[in-house]
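In: sequence and predicted structure, then a few things I'm wondering about:
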4 protein chains.
Amino acid sequence: MKIWYVGAYGIVSTTAMLGGKLIEKGRMETTGLVSELPQFEGIEKYAPLKFEFGGHEVRKVENAYVASLQHWELNRHFELDQLEEVREDLEKIRAEKGTAINCGKGVQALGELDVLENEVQTLSEIVERLERDVKRFADSETVMINSASTEPIIRYNEKYHDTLDGFEKMIEENAKEYASASMLYAYVALKNGIPYGNFTPSVGSSLPALKELAIEKKVPHAGNDGKTGETLVKTTLAPMFAYRNLKVLGWMSYNILGDLDGLVLSHKENKESKVISKDKVLEKIYGYSPFSITQIEYFPSLADNKTAFDFIHFEGFLGRKMKFYFIWDAIDAIVAAPLTIDIARFLLFAKKEGMYGVIKEMGFFFKSPMETRNVNTHSQFEELVRWYQENA
Amino acid sequence: MKIWYVGAYGIVSTTAMLGGKLIEKGRMETTGLVSELPQFEGIEKYAPLKFEFGGHEVRKVENAYVASLQHWELNRHFELDQLEEVREDLEKIRAEKGTAINCGKGVQALGELDVLENEVQTLSEIVERLERDVKRFADSETVMINSASTEPIIRYNEKYHDTLDGFEKMIEENAKEYASASMLYAYVALKNGIPYGNFTPSVGSSLPALKELAIEKKVPHAGNDGKTGETLVKTTLAPMFAYRNLKVLGWMSYNILGDLDGLVLSHKENKESKVISKDKVLEKIYGYSPFSITQIEYFPSLADNKTAFDFIHFEGFLGRKMKFYFIWDAIDAIVAAPLTIDIARFLLFAKKEGMYGVIKEMGFFFKSPMETRNVNTHSQFEELVRWYQENA
Amino acid sequence: MKIWYVGAYGIVSTTAMLGGKLIEKGRMETTGLVSELPQFEGIEKYAPLKFEFGGHEVRKVENAYVASLQHWELNRHFELDQLEEVREDLEKIRAEKGTAINCGKGVQALGELDVLENEVQTLSEIVERLERDVKRFADSETVMINSASTEPIIRYNEKYHDTLDGFEKMIEENAKEYASASMLYAYVALKNGIPYGNFTPSVGSSLPALKELAIEKKVPHAGNDGKTGETLVKTTLAPMFAYRNLKVLGWMSYNILGDLDGLVLSHKENKESKVISKDKVLEKIYGYSPFSITQIEYFPSLADNKTAFDFIHFEGFLGRKMKFYFIWDAIDAIVAAPLTIDIARFLLFAKKEGMYGVIKEMGFFFKSPMETRNVNTHSQFEELVRWYQENA
Amino acid sequence: MKIWYVGAYGIVSTTAMLGGKLIEKGRMETTGLVSELPQFEGIEKYAPLKFEFGGHEVRKVENAYVASLQHWELNRHFELDQLEEVREDLEKIRAEKGTAINCGKGVQALGELDVLENEVQTLSEIVERLERDVKRFADSETVMINSASTEPIIRYNEKYHDTLDGFEKMIEENAKEYASASMLYAYVALKNGIPYGNFTPSVGSSLPALKELAIEKKVPHAGNDGKTGETLVKTTLAPMFAYRNLKVLGWMSYNILGDLDGLVLSHKENKESKVISKDKVLEKIYGYSPFSITQIEYFPSLADNKTAFDFIHFEGFLGRKMKFYFIWDAIDAIVAAPLTIDIARFLLFAKKEGMYGVIKEMGFFFKSPMETRNVNTHSQFEELVRWYQENA
Ligand SMILES: NC(=O)c1ccc[n+]([C@@H]2O[C@H](COP(=O)([O-])OP(=O)(O)OC[C@H]3O[C@@H](n4cnc5c(N)ncnc54)[C@H](O)[C@@H]3O)[C@@H](O)[C@H]2O)c1
Ligand SMILES: NC(=O)c1ccc[n+]([C@@H]2O[C@H](COP(=O)([O-])OP(=O)(O)OC[C@H]3O[C@@H](n4cnc5c(N)ncnc54)[C@H](O)[C@@H]3O)[C@@H](O)[C@H]2O)c1
Ligand SMILES: NC(=O)c1ccc[n+]([C@@H]2O[C@H](COP(=O)([O-])OP(=O)(O)OC[C@H]3O[C@@H](n4cnc5c(N)ncnc54)[C@H](O)[C@@H]3O)[C@@H](O)[C@H]2O)c1
Ligand SMILES: NC(=O)c1ccc[n+]([C@@H]2O[C@H](COP(=O)([O-])OP(=O)(O)OC[C@H]3O[C@@H](n4cnc5c(N)ncnc54)[C@H](O)[C@@H]3O)[C@@H](O)[C@H]2O)c1
Ligand code: NA
Ligand code: NA
């Protein structure tokens, strides 16, 4: 299958490419790939573990090999000989120039950007270029994954965001302040029948306008924001307190990370999207909103080794207060990368089975799953399995 | 309803009595009581929150009020004015003399025991006395809960343990070395149609002989070993690694506690039962047995504030190793006590709905649930809810 | 001896009063009192463990007993019967009306304040009133301790803050925007020959003007900001990395607390003073400034049970990165209260031995010790011992 | 200078060799080397950072390069290109055949041993061979460091261990059951005027007989058991509770590690020496013995990434109980290796300044420093600095 990564030189994307190619060559186990669990037997018929990768980028890097190497310098998230084994494959992956429109100061701080808006003036020209690149690459087995840096929250605008007509008017009228990069990529994907998975908290395909487009074009899509790290643990653990009728008095979630992602998130406006998508889950699980703290801070020496500190204060029988602490010490890209492949595979499965619109049953993969209140990791997993098994 | 606690002056039992009476009087919320979740609406018709308590004991204490106060001295697990509010009710609860046969050095170390074997000689005399006490107390709404100190593992004996006939022969022949206290109590309960819940890892009703008796007498029973603390967290969290296809390289579980329970468990033979029942869950969840450490140590100053330290080493995509740590800092009796009430209520529900034998669907409450391999807290909870709702 | 607490109804002050009285009556051990270590043998000749307490307050509460009880409701930081034993003594302690001038929104949020500025108009009138109260109480064995809520940082003003003349001009000219409550209290103490200890990060006696006054009046003083909790651990542990030539890459300090103090600190301007005083210690220990995070957040259910999460990332031989985590789970007032008594005792000792000005050797007790760069807890302790033993 | 490592192919030794050579070539910073702190200016005149390495071993490995690589396979404790830079130097280091006499099952489990006792029969022949190897290598700038696997505790025998005469009689009489490898190495070093540092808990030079020899031959020696990891933190932190007059109710220390060292320690008899040397420090710091747990367990997947979990329960003012937790997540060899170089340098300094016998002032480096009760890391560091500066 083919995967088009928006943010193709990011650490998540390049780690997925590296791992994807190693698996394809039989040089690595499939640990971390949900779709390879026995429950999903048969998925390889829909989406074999053979990959072609492409994507859009806004930073100028030679190719995915070079990008991988740069991430490795900082992160040591794999062994160099793993990279060497697929060096040639990765050297062939060269991203196309993307757009960073309304991506905020966090993205600007990545360095001098190499973006379409340096070359063309209007939204419609930008969209045209994005579309040209995607169409050149895509076939009927292609999925687009957004794993670009997190955008700031864009002000919602009824006129332009509510309906597909409005959205296309926004492009036509070049109403730039209402458009953000992630919408444009999602628009291009859906318009061209390409399933779209949003691994980021950016708006992507979650606008009513684009949901309409997905239905019209009969394309499946899913998002938002890959559920890795602390939120994964939180949504696994939080139900326990509910099952036992224990009252959560407060939940502190404190995340630190270095790395490009951390740098981008150290910018207030970019961070906002992230924090919101992490914070709503407790209310969904408990029905009430316990006091909670959710913070992400930049801690450079950690690089991609995101570390989360959680503290849960809870009350039990006789009104007694008790405590639970956890520390999650993982490598973000390592947890995230295989999920992007899983998302692509399940979207392709959905497409081939004729499903379209938001695939709610894929909520398992996301921090803020669209169109569902189910955020309990356990029931999400059961839902995913049931959905797959009933449709496969 | 009526609950007969074996180990009536223990901290779990007395905390349950205290809380039960406070709830009955409307002086306390039902936090911690699973059976009071909205999912179990209607349970009060089967088992109202009105309680009469009795039980067997081996330590000489005046009454449940005095026992509570003694536990409070050490543990401060409630506010004194809570106890004062139900002082009279608790003063009326006076345990009957029990048996400590084959309860090991841990129980002997509790001090001079006041037990039936000081008065009578044979198993059949002991059983007779136990039966007399229980029958005097019980009505058709009575459940027996074993919350006595953990016994050592007793050597399994086919002749005496395999069948009900054999078991009764053991009593008759006074084959003392094959009988342990928990079996005798369970025998008395089941024989008299009283549902039996085993909150401890002691053998209790899990002998084939006694399972046969439960079927014959059409009595429901459930066990073993209340799932509180670290095992509760473990069985909630462990599935997450499975769902994400992450490989668990090792799981360390280190528990410290003070208190009587800790003292008993500081005796090697008594500890053994406990460690085994904590250790099998990973294998059941993963299908493979990751390297694991499970230890319980005595730490006097903590008293009942059992603290668990867990460390999980796991492998993800590209073979990377990652880490997860948790600390559980809770008060054992506070977590445990309401569960004994829940177990009693659900057993009474089962009885009233005509169910008997091992109630597998109550596995949610136990570390080593009988006759099921399901130890995943999430699916156990779902199972419990489904079972209740389908039968209520 | 006599201690005058600014913030007399606060949790630190009332806990010190309670403990002080219990010790005086021989009802409690002296655990937590540094001055009772064998190294300080003989201190009781200078400052016996017999106490009279008074103070200023801005909240209307009946007396120290009632204030204690209110803190207990929220914090359960002692056993009720401890309070009852000294109830009468505490009922007799009634604070005088203080000033909250420039104490910021944090203090305003404590509720309707009962302050001098409601009655009188000018700084000189306020000072007069404070002075009257203090003089009525004080004798030659009296020490003033500031344990009032943390003030915002006040803009430094050369004209009014640099010299004693300037300071008195500020009062005369009623230049209210340059005066804060803590300065006025400190001024009153020093002017009247009363040793002054600043347990808070507020400016207190650390203005050049007031240091001049202390010299002129030959009064000893010490501050700022009691070193409890996380900073205590940090300044004990941080030197280890230095001794071993390990490079600290980053140090995260994340503190949560509820309680009045937490509420006040949840106001940005009040928090600022606190964070600064916590943050400079690493630079002083290492000679370089490792990346660091220092945050304090409000977490209501914890009340005074301040919890600190620290993470230290460090580099060793061959450039390898390693990790250290700690969690401090203590009761702030319990750690703090005895220190205020210690500070009072050592200041009285200093006065009696003819020492005056900033007592640098008391840096052991403070987060931001005045006029010294020594923040290493270990060498501070040695310095304190040496100082005492050489002068006693 | 020259360093002779007993256990030359161990991870500590080979890491020291690797780092030593990289520093010598100016390819690495001196992070982790205590002797390179500014306080020890001038040490390079006594012991320059130029190294020649040799040693004894009992495992058959080609050379130190191959041994390094094997440790790297399991531990990834350095970057491969670091090793490549000094490959040739390390290939030249070939250990001599040592003795594993009375080294216990832990050492036997390392695989088929290649030891002198396979070739020669008597203690005196073994000693002769060891001596021949050492003398061939050593010059006046040579130090021997014992970094071999931990031996079991050997039964103390007055006749053979009390005096040098007795010790030499033991050799003569071939009283094998009283001799252990570490004594024989230490004997050879001291007899030949070679300073000896014992980085392990094995008995080494701490026998009265060998102390006598050191005095007679005027050779300095130091030990036992390198203070890294948890004990380092413990002896840094424990004094804080004493300084603040806080009562330690209990201290739990739980260590897990994989690796060869972990494997050896997973053998009961070998572990015993280790646990004892870790456990005495609290008593020395507090003057009383708080309840304590000290455990080391094998956890294979961690390899050399030794992880320690500590929990401290303490009591403060008003009898309140509070808690402190820490986790040490480091790489043992990385913390340990530079210390072996430091020990060698300071011993050479001592020798050149004419000091001999046990160098008590080097206690900073050891868990069980000989002939001193000072285990406080802070005052040990101060002592080391003072000693160096007064003598340099
Ligand atoms: N790593 C995780 O565990 C995880 C989990 C959930 C979500 N995410 C999200 O995934 C995204 C990627 O994370 P990452 O760690 O790979 O970050 P990264 O910074 O390494 O990669 C992002 C890449 O996107 C590129 N980019 C930025 N704006 C772009 C645009 N408008 N068009 C095209 N390319 C653009 C950047 O140049 C960069 O190469 C982030 O939004 C992150 O929040 C990551
Ligand atoms: N507290 C928890 O979280 C928890 C969780 C699971 C299981 N359990 C189990 O529950 C049991 C009770 O725990 P606890 O903390 O209340 O302990 P406890 O020591 O406070 O109470 C046990 C009581 O049983 C009594 N007893 C001992 N042997 C007896 C016998 N043969 N007959 C009658 N009475 C006997 C003892 O005298 C004591 O009063 C233990 O087996 C424990 O392992 C407790
Ligand atoms: N508790 C600790 O461990 C600790 C450590 C270091 C410093 N401190 C500092 O000690 C101070 C007291 O802490 P606490 O926990 O007792 O807080 P608290 O809120 O319980 O007590 C502060 C008291 O000061 C009173 N107050 C406020 N402004 C005043 C003013 N201008 N004049 C007179 N009274 C005033 C308040 O009404 C309150 O009663 C704070 O500044 C805190 O930052 C506390
Ligand atoms: N790594 C640390 O932080 C640390 C701290 C303090 C003490 N120590 C001690 O240092 C020693 C070495 O630790 P390591 O991690 O390098 O272990 P290791 O197992 O990697 O190395 C020990 C080496 O000694 C060799 N050996 C065993 N017995 C021998 C003998 N009798 N003669 C010669 N060689 C022998 C083994 O073959 C092995 O190569 C251990 O005793 C350990 O307890 C280590
Ligand atoms: Na870690
Ligand atoms: Na805690």
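Out: Cool, the structure landed. Ligands and ions are numbered 1, 2, ... in the order given.

In: get me the contact residues on the stretch 201-350 of chain A for chain C.
Out: A:249-250, A:252, A:254, A:256, A:291, A:293, A:295, A:297, A:299-302, A:307, A:309, A:311, A:313, A:321, A:323, A:325, A:327, A:329 (CB under 8 Å from any CB of the partner chain). In this view, the C-beta of every residue, glycine as well, is placed from N, C-alpha and C.

In: right, and the helix or strand after the helix or strand hosting A:T14?
Out: Here A:T14, judged by DSSP states H and E, is contained in helix A:11-24. Per DSSP H and E, the first helix or strand lying C-terminal to helix A:11-24 is helix A:43-46.

In: same for that following helix, what does it pack against?
Out: helix A:332-352 (3 or more CB pairs under 8 Å, 6 or more residues apart in numbering or on different chains; DSSP states H and E).

In: which helices and strands does the helix or strand following the helix it packs on pack with?
Out: Sequence-wise, the next helix or strand downstream of helix A:332-352 (DSSP H and E) is strand A:357-358. Counting contacts by 3+ CB pairs under 8 Å, 6+ apart, strand A:357-358 packs against helix A:208-217, strand A:220-223.

In: coming back round to it: keep only those of the residues of the stretch 201-350 of chain A next to chain C that are in strands.
Out: Mapping those onto strands (DSSP state E) picks out A:249-250, A:252, A:254, A:256, A:291, A:293, A:295, A:297, A:307, A:309, A:311, A:313, A:321, A:323, A:325, A:327, A:329.

In: keep these, but drop any that are not near chain B.
Out: Contacts with chain B within those, counted by CB under 8 Å from any CB: A:K323, A:Y325, A:I327, A:D329.

In: may I have the beta-bridge partners of the residue lying closest to the last one once chain neighbours are set aside?
Out: Read that as A:D329. When the adjacent residues along the chain are set aside, A:D329 lies closest to B:K323, with 4.2 Å between them (CB to CB, 6 or more residues apart in numbering or on different chains). According to DSSP bridges, A:D329, B:H313 are recorded as the beta-bridge partners of B:K323.

In: pLDDT score assigned to the spatially most central residue of chain A?
Out: Nearest residue to the geometric centre of chain A (CA atoms, centre = their mean): A:F199, 0.9 Å. For A:F199, the model assigns a pLDDT of 98.

In: do you know how far it is from D:I153?
Out: Distance of A:F199 to D:I153, computed by CB to CB, to the nearest Å: 57 Å.

In: got phi/psi on the residue of chain A positioned farthest from its centre?
Out: Distance from the C-alpha centroid of chain A, by CA atoms, centre = their mean, peaks at A:L318 (43.1 Å). Torsion angles at A:L318 (phi, psi; degrees, to the nearest 10) stand at phi 60, psi 10.

In: got a list of what it touches?
Out: B:T15, B:L18, B:G19, B:L22, B:M28, B:G32, B:H77, B:F78, B:E79, B:Q82, B:I334 (CB atoms under 8 Å, 6 or more residues apart in numbering or on different chains).

In: kindly recompute the last result at 6 Å.
Out: Residues in contact with A:L318 (CB atoms under 6 Å, 6 or more residues apart in numbering or on different chains) are B:G19, B:F78.

In: show me where pLDDT drops low in the stretch 1-150 of chain A?
Out: The stretch 1-150 of chain A contains no residues with pLDDT under 70.

In: for it, what spans make up the strands?
Out: Assigned by DSSP state E, counting those that start in this stretch, the strands in the stretch 1-150 of chain A fall at A:2-6, A:52-57, A:96-97, A:142-146.

In: just checking: what are the partner strands of the third one?
Out: Spelled out, it's strand A:96-97. Paired strands of strand A:96-97, with direction, are strand A:52-57 (parallel) (DSSP bridges).

In: contacts (any at all) between ligand 1 and the partner strand?
Out: Yes - using CB under 6 Å from any ligand atom, we find that strand A:52-57 touches ligand 1 at A:H56, A:E57.

In: give me the domain ranges for chain A.
Out: A:2-226+A:334-391, A:229-330 (automatic domain parsing).

In: the last one and ligand 2, any residue contact?
Out: No - against ligand 2, domain A:229-330 shows no contacts by CB under 6 Å from any ligand atom, the least distance being 11.1 Å.

In: ligand 5 contacts on chain A?
Out: By the rule CB under 5 Å from the ion, the part of chain A lying against ligand 5 is A:D329.

In: show me which residues of the stretch 151-300 of chain A are close to ligand 1?
Out: So far as CB under 6 Å from any ligand atom goes, the stretch 151-300 of chain A lies against ligand 1 at A:A181, A:F199, A:T200, A:D225, A:G226, A:T228, A:G229, A:L260, A:D261.

In: what is the neighbour count of the last one?
Out: It stands for A:D261. Neighbouring residues of A:D261 were enumerated by other CB atoms under 10 Å in any protein chain shown; the total is 26.

In: now A:I43. Nearest residue, chain neighbours left out?
Out: A:S35 (5.1 Å).

In: got the contact list for that neighbour?
Out: Counting by CB under 6 Å, 6+ apart, A:S35 makes contact with A:I43, A:D342, A:R345.

In: put together TSV for the residues you listed, with distance to A:H378 and neighbour count on each row.
Out: As requested, the contacts of A:S35 are arranged in TSV below (distance: CB to CB, whole Å; neighbours: other CB atoms under 10 Å in any protein chain shown):
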residue	distance to A:H378	neighbour count
A:I43	21	22
A:D342	17	28
A:R345	22	25
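
In: helices of the stretch 101-250 of chain A, residue ranges please.
Out: A:104-108, A:123-137, A:158-161, A:164-172, A:181-191, A:208-217, A:229-243 (DSSP state H, counting those that start in this stretch).

In: closest to ligand 6 out of the strands of the stretch 1-150 of chain A?
Out: Nearest of these to ligand 6, taken as CB to the ion: strand A:142-146 at 40.5 Å.

In: what helices and strands are in contact with the closest one?
Out: For strand A:142-146, the packing partners by 3 or more CB pairs under 6 Å, 6 or more residues apart in numbering or on different chains; DSSP states H and E come out as strand A:2-6, strand A:196-198, helix A:332-352.

In: just want the angle from it to helix A:11-24.
Out: Calculated by axes from the mean of the first three to the mean of the last three CA atoms, to 10 degrees, strand A:142-146 forms an angle of 150 degrees with helix A:11-24.

In: contacts for stretch A:352-365 next, please.
Out: A:46, A:214-215, A:218-220, A:222, A:339, A:343, A:346, A:350, A:369-372, A:374, A:380-381, A:383-384, A:387, A:391.

In: any of those residues buried? List them.
Out: Among the contacts of stretch A:352-365, those classed as buried by 16 or more other CB atoms under 10 Å in any protein chain shown are A:46, A:214, A:219-220, A:222, A:339, A:343, A:346, A:350, A:369-370, A:372, A:374, A:380-381, A:383-384, A:387.

In: for the stretch 151-300 of chain A, which residues score under the pLDDT cut-off?
Out: Scanning the stretch 151-300 of chain A for pLDDT under 70 picks out A:273-279.

In: which parts of chain A sit against chain B?
Out: Contact residues (CB under 6 Å from any CB of the partner chain) of chain A with chain B: A:19, A:31-34, A:37, A:78, A:236, A:240, A:243, A:245, A:247, A:315-318, A:320, A:322-331, A:334-335, A:337-338, A:378, A:381.
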